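> Based on what follows, work out the 3D shape:
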Amino acid sequence: MDTSATNPTPQTASASKLVFNDVEAAFFLDLSPHTLRKMRTTGRGPSYRKIGKNVRYTTKDLTDYIQKQKVTR
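Numbering: from 1, shown residues only. Below you'll find the model as predicted:
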C-alpha cells in the first residue's frame, strides 16, 4: 500500500512552515535578527513560544504583530 499521499515527506511538510526561528521571523518582518531579539527582551516584539530553550514564532504571531502596527490617521 502506498502511504505517500497520506504521510507527507519532510520536503512537502517544510513547504508550509508553521513555526519560525528568530532569524526566519526577522526576515519575515524585514528586521535584523538583532533588532527582533532586542524587541523580544524589551517586550515590544511579537508574541513567541518557548519550545525547550528555543524561541519560536508562529505565522499567526507574526501577522498579528504586523496588524497591531497599523497606523491610521
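> When you work out contacts or count neighbours from here on, use the C-alpha atoms and nothing else.
Will do.
> Just name whatever secondary elements the helix or strand hosting residue 67 is in contact with.
Assigning secondary structure by DSSP states H and E places residue 67 in helix 59-68. Helix 59-68 sits against helix 22-29, with contacts defined as 3 or more C-alpha pairs under 8 Å, 6 or more residues apart in numbering; DSSP states H and E.
> In terms of secondary structure, what does the helix it packs on contact?
So helix 22-29, by 3+ C-alpha pairs under 8 Å, 6+ apart, packs with helix 33-42, strand 54-58, helix 59-68.
> Could I get the average pLDDT for stretch 33-47?
Across stretch 33-47, the average pLDDT comes to 96.
> Show residues contacting that stretch.
With contact meaning C-alpha atoms under 8 Å, 6 or more residues apart in numbering, stretch 33-47 is reached by 22, 23, 25, 26, 27, 57, 61, 62, 64, 65.
> could you dump the helices and strands packed on helix 22-29 to a markdown table with distance to residue 17 and mean neighbour count?
As requested, the helices and strands packed on helix 22-29 are arranged in a markdown table below (distance: least, C-alpha to C-alpha, whole Å; neighbours: other C-alpha atoms under 10 Å):
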| stretch | distance to residue 17 | mean neighbour count |
| --- | --- | --- |
| helix 33-42 | 19 | 14 |
| strand 54-58 | 9 | 16 |
| helix 59-68 | 8 | 14 |
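> Is it possible to get CSV of these that adds distance to residue 48?
Conversion of those to CSV gives the following (distance: least, C-alpha to C-alpha, whole Å):
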stretch, distance to residue 48
helix 33-42, 9
strand 54-58, 5
helix 59-68, 7
